[in-house]
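Asker: Pasting a predicted model and its sequence here:
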Amino acid sequence: MPREKQPRWGIYKKLVGTFLLILIPIYAISLWMNQQGADVVRREIANSMQQKTDYVVTTLENEIDRITTLQQTFINDADLNDLSIRAATLTDYERTKAFKDLQAKIVMLAESSKLIQDVFVLMPNLDKRLSAKSRFNVDSMDRGEYESLLKAENRIFNPVHYNGRLLLPLGYPSATRSQYLLVIELSVEKISREMDVFRSYEGNVTYLTDDHNQETLYAHSGIGEAGGKIQALERDGSGELAIDGTPYLIFVKRSDMLQWSLKTALPENVVLNPVYSINRWYGYLSAVSIIIVLVASLLIYRLIHQPLKKLVTGFRKVEQGKLDIVIERRDHDEFAYLYTQFNRMVSKLNELIQEVYEKTIYSQQSELKQLQSQINPHFLYNSLYIMYLMADEEDYNGIRTLSKHLGDYFKFITHNKADMVPLEQELNHAKVYGSIQEIRFSNRISCEFTVEGDLSEWRVPRLIIQPVLENAFVHAHENTEENGRISVRICCERECLTVTVEDNGKGINPERLAQVRQSLTHRRDETETHGIANVHKRLALLYGNESGVSIDPVATGGTAVTLRMEVGLVGTGEEGECQLASYTGSGR
């Protein structure tokens, strides 16, 4: 029997697939929840950082707004006006006292804010510079400094970057040399300390730039020169930016009042490091889960597949006809119950097969006997009628020859000891029959026999060639006047025997051919069968459905009837034992 194709999906693969179908949705939901958590963390951190950015900028705006308000208030100070406008009319005592009072006031102004580095007054009329740091000393005015500050626009907030210092000059009442300048120096270092709130994250980038003067007030970059990309950002608010393949969270806040921009960037991997840590644990969990699935599937596979494989092996042996198999199970589980039922099934099959086999054999024998009894009277009627015609014509030589052939003929058919005969005997019997028919048709029809192969290696059912030969004489040549021919070709092969009876008679019309073929392929209910249908039924009964009779028209006219016998199981012989269909050779 051909080997069965192995199933595409075995039990082990199905177990693994089942576990994965269970785990994958849970794993996917967990990943989704983790991703949602990461998004929440990202949004919260982004909101927190943006709030910090807004807070720092707002704090700077409020503080500098307060400073400029104090500056505007102080610009109208009486002592400052007296020293700058009418210093020449003051006595030495009044001038000294005015300087001391003004010094105290600017010291108080300098100490009013943590962002103020120094407060000083430039008085060009006196060529004096009074500073909060000079501690009651009046210095000479630096003309270069004064000229640089005069160039600044007279606005509420117009910082001037001079020699690395951030200065807020304010003149009174207009920018001329006859006026004085009240200058507040902002501490860049103290402003930078306000940025320390962003240093809590490793790798952060922070820039505070003066958009009006294109000056950088504060710079801190944990990523080197690539931070320049962040410094060049023009947008406001938060967002994301990839720098050298690393994603960063970006926060930008611009002050319209100060015309300053605060830009901060944090590496996403630093911000979301706890989330990434959870992702790594998810990776470890995934690897462990897969190992557990494989091991658990293997254990279940061994618990189920091994006993199931034993049961499948038993079924295959039964399919091959080995009905003496018994399978056992030591454990008292469900498979023990299946094994017990399997053993009972095999035992019952043995009983049923034996009963059916015996009934089939006896039925075949009875049917073969009945078919043979139908053939013998059929030919007897024709033979006696031919002899009657010859006696009426006083053809004594013909009667003598025909009698000899009839004797040989009936000697063969009455020899009823075996249903299977050597092919050579069956062929001789067909030749005797052909000779009888040639006498009947007054040699208007000739019968030729051709043999290919060794006849001695084959045994065939009795009386299978003669009915086909009779059909050719009676039906194909019933109106033939001369040159009638019937050819019998026998081809002996190792596992197949074919006998072809071909005539050059009138042939068979398509309608009748279709009816005959249909009668061969459909079961007939009549109790009497004759001729070709009789032979076909016998061959199919003995050799199986692949064997039997086929009828085909001949291109040159006439009909060819082929008997095909393939090696298979046949009915019982003399001893009642099942025989192989007919081939008895030793290995040709």
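Answerer: All right, it came through fine.

Asker: Who are the packing partners of the helix ranked longest in the chain?
Answerer: As assigned by DSSP state H, the longest helix anywhere in the chain is helix 11-74. Helices and strands touching helix 11-74, by 3 or more C-beta pairs under 8 Å, 6 or more residues apart in numbering; DSSP states H and E, are helix 92-110, strand 165-172, strand 180-186, strand 237-243, strand 246-255, strand 260-267, helix 268-271, helix 273-319. Bear in mind the C-beta positions are built from the backbone N, C-alpha and C, glycine included.

Asker: Specify the angle between that helix and helix 273-319 in degrees.
Answerer: 170 degrees (axes from the mean of the first three to the mean of the last three C-alpha atoms, to 10 degrees).

Asker: Compare the mean pLDDT across the helices and strands packed on helix 11-74 and name the weakest.
Answerer: Per-stretch mean pLDDT for those is lowest at strand 237-243 (a mean of 68).

Asker: And for residue 304, the neighbour number?
Answerer: Neighbouring residues of residue 304 were enumerated by other C-beta atoms under 10 Å; the total is 14.

Asker: What is the helix or strand containing residue 564 packed up against?
Answerer: Per DSSP states H and E, residue 564 falls inside strand 559-566. Counting contacts by 3+ C-beta pairs under 8 Å, 6+ apart, strand 559-566 packs against helix 466-471, strand 496-503, helix 531-543, strand 548-553.

Asker: can these go into a markdown table with extra columns for distance to residue 566 and mean neighbour count?
Answerer: A markdown table is the format used below for the helices and strands packed on strand 559-566 (distance: least, C-beta to C-beta, whole Å; neighbours: other C-beta atoms under 10 Å):
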| stretch | distance to residue 566 | mean neighbour count |
| --- | --- | --- |
| helix 466-471 | 18 | 23 |
| strand 496-503 | 5 | 22 |
| helix 531-543 | 6 | 22 |
| strand 548-553 | 10 | 18 |
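
Asker: what's the closest of these to residue 186?
Answerer: strand 496-503 (114.2 Å; C-beta to C-beta).

Asker: mean confidence score for the closest one?
Answerer: 92.

Asker: Mind listing residues that contact the following helix or strand past the longest helix of the chain?
Answerer: For helix 11-74, the following helix or strand on the C-terminal side (DSSP H and E) is helix 78-85. For helix 78-85, contacts defined as C-beta atoms under 8 Å, 6 or more residues apart in numbering pick out 74, 90, 94-95, 98-99, 101-102, 105, 121, 123, 125-126, 128, 172, 179-180, 182.

Asker: Could you export helix 78-85 as CSV, CA atoms only?
Answerer: The C-alpha coordinates for helix 78-85 follow below in CSV (Å, rounded to 0.1, in the frame of the first residue of the first chain):
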residue,chain,number,x,y,z
ALA,A,78,16.5,114.8,42.7
ASP,A,79,20.1,114.2,43.6
LEU,A,80,20.8,112.7,40.2
ASN,A,81,19.2,115.7,38.5
ASP,A,82,21.1,118.1,40.7
LEU,A,83,24.5,116.5,40.0
SER,A,84,23.9,116.2,36.3
ILE,A,85,22.2,119.4,35.5
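
Asker: and stretch 314-329, C-alpha only, in CSV?
Answerer: C-alpha atoms of stretch 314-329 as CSV (Å, rounded to 0.1, in the frame of the first residue of the first chain):
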residue,chain,number,x,y,z
GLY,A,314,-2.6,-0.3,15.3
PHE,A,315,-5.1,1.2,12.9
ARG,A,316,-2.5,1.1,10.1
LYS,A,317,-1.8,-2.6,10.7
VAL,A,318,-5.5,-3.3,10.6
GLU,A,319,-5.7,-1.4,7.3
GLN,A,320,-3.0,-3.6,5.9
GLY,A,321,-5.0,-6.7,6.9
LYS,A,322,-3.1,-7.7,10.1
LEU,A,323,-6.0,-8.5,12.3
ASP,A,324,-4.0,-10.3,15.0
ILE,A,325,-2.8,-7.1,16.7
VAL,A,326,-3.5,-6.4,20.4
ILE,A,327,-2.3,-3.2,22.0
GLU,A,328,-2.0,-2.8,25.8
ARG,A,329,-1.8,0.2,28.2
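
Asker: what residues does it touch?
Answerer: 1, 4, 307, 310-311, 335-336, 339, 342-343, 346, 349-350, 353.

Asker: 7 Å instead, please
Answerer: The contact list for stretch 314-329 (C-beta atoms under 7 Å, 6 or more residues apart in numbering) reads 1, 307, 310-311, 335-336, 339, 342-343, 346, 349-350.

Asker: and which of those is nearest to residue 451?
Answerer: residue 1 (35.0 Å).

Asker: For the residue nearest to residue 189 when sequence neighbours are not counted, grab the count of nearby residues.
Answerer: Nearest non-adjacent residue to residue 189, counting by C-beta to C-beta, 6 or more residues apart in numbering: residue 117, 7.9 Å away. Residue 117 is flanked by 19 other residues according to other C-beta under 10 Å.

Asker: Count the residues that sit near residue 104.
Answerer: 13.

Asker: And it, how far from residue 256?
Answerer: According to C-beta to C-beta, to the nearest Å, residue 104 and residue 256 sit 36 Å apart.

Asker: just to revisit the earlier point, can you say which two of the contacts of stretch 314-329 are spatially most distant?
Answerer: Most distant of the contacts of stretch 314-329, by C-beta to C-beta, are 1 and 336, 29.2 Å apart.

Asker: can you pull the pLDDT of the residue of the chain most remote from its centre?
Answerer: Within the chain, the residue lying farthest from the chain centre (C-alpha atoms, centre = their mean) is residue 91, at 103.0 Å. With respect to pLDDT, residue 91 scores 82.

Asker: same check, this time on residue 452
Answerer: Note on residue 452: pLDDT of 91.

Asker: Make 5 the starting number, not 1.
Answerer: Okay, residue one is now 5; in that scheme the one you just asked about reads as residue 456.

Asker: what's around the spatially closest residue to it that is not a sequence neighbour, how many residues?
Answerer: Leaving out its chain neighbours, the residue that sits closest to residue 456 by C-beta to C-beta, 6+ apart is residue 495, at 4.7 Å. Residue 495 is flanked by 14 other residues according to other C-beta under 10 Å.

Asker: Give me the sheet partners of the helix or strand residue 495 falls within and which way each runs.
Answerer: Under the criterion DSSP H and E, the helix or strand holding residue 495 is strand 488-496. Looking at strand 488-496 with DSSP bridges, its partner strands are strand 449-456 (parallel), strand 500-507 (antiparallel).

Asker: For that strand, buried residues please.
Answerer: For strand 488-496, the neighbour count (16 or more other C-beta atoms under 10 Å) marks 488-494, 496 as buried.

Asker: Least confident of the residues you listed?
Answerer: Per-residue pLDDT puts residue 488 lowest of the buried residues of strand 488-496, at 88.

Asker: distance of the residue nearest to that one when sequence neighbours are not counted from residue 542?
Answerer: What sits nearest to residue 488 in space, not counting adjacent residues and going by C-beta to C-beta, 6+ apart, is residue 449, at 3.4 Å. Distance, residue 449 to residue 542, by C-beta to C-beta: 26 Å.

Asker: likewise residue 125?
Answerer: 140 Å.

Asker: cool, residue 453 as well?
Answerer: 21 Å.

Asker: How about residue 259?
Answerer: Residue 259 sits 113 Å away from residue 542, going by C-beta to C-beta.

Asker: same thing with residue 185?
Answerer: Taking C-beta to C-beta, one finds residue 185 at 137 Å from residue 542.

Asker: Likewise for residue 439?
Answerer: Counting by C-beta to C-beta, the gap from residue 439 to residue 542 is 24 Å.

Asker: which sections of the stretch 55-204 of the chain are below the confidence cut-off?
Answerer: 139-140, 156-161, 177-183 (pLDDT under 70).

Asker: try 50 this time
Answerer: Scanning the stretch 55-204 of the chain for pLDDT under 50 picks out the ranges 179, 182.
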